[in-house]
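*Asks:* Quick check, what structure comes out for this input:
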Amino acid sequence: MPNLDHIEPIAVSPAAACKLLSVSMFTVYKLLRSGELESFTAGRSRKILLSSIRRYIESKPRHQGGRLGAKAGELAAPAA
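*Replies:* All right, here's what the predicted structure looks like:
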């Protein structure tokens, strides 16, 4: 029988999704309502698919460096 200790989960609880995304429980349920995260219920437990968490993260723009508020490809001037 294979060792199951090193198998990545397919789905996680809403609390674990909060930790993975560094967001509040309110935000996780908002993402579920909007369809940005996929879930299912197992008995009375809700489980969020890790694949949908990955898709959500990949859909977000990556910070390209520089200061916040700078246009893409340019650095903002330091505040005086």
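*Asks:* What mean pLDDT does whichever strand or helix holds Arg55 get?
*Replies:* In this structure, Arg55 sits in helix 50-58 according to DSSP states H and E. For helix 50-58, mean pLDDT rounds to 96.
*Asks:* what's next to that helix, contact-wise?
*Replies:* Residues from elsewhere that reach helix 50-58, judged by Cβ atoms under 8 Å, 6 or more residues apart in numbering: 8-12, 17, 20-21, 31, 36-39. In short, each C-beta sits where N, CA and C put it, glycine included.
*Asks:* Check stretch 31-45 too.
*Replies:* With contact meaning Cβ under 8 Å, 6+ apart, stretch 31-45 is reached by 11, 13-14, 17, 28, 46-49, 51-53, 56, 59.
*Asks:* Now do the buried residues in it.
*Replies:* Neighbour-count burial for stretch 31-45, counted by 16 or more other Cβ atoms under 10 Å, picks out 31-32, 37-39.
*Asks:* now that stretch: mean pLDDT?
*Replies:* Mean predicted lDDT for stretch 31-45 stands at 97.
*Asks:* What is the end-to-end distance of stretch 19-33?
*Replies:* 19 Å (Cα to Cα, to the nearest Å).
*Asks:* Off-centre distance for it?
*Replies:* On the basis of Cα atoms, centre = their mean, to the nearest Å, stretch 19-33 sits 8 Å off its chain's mean C-alpha point.
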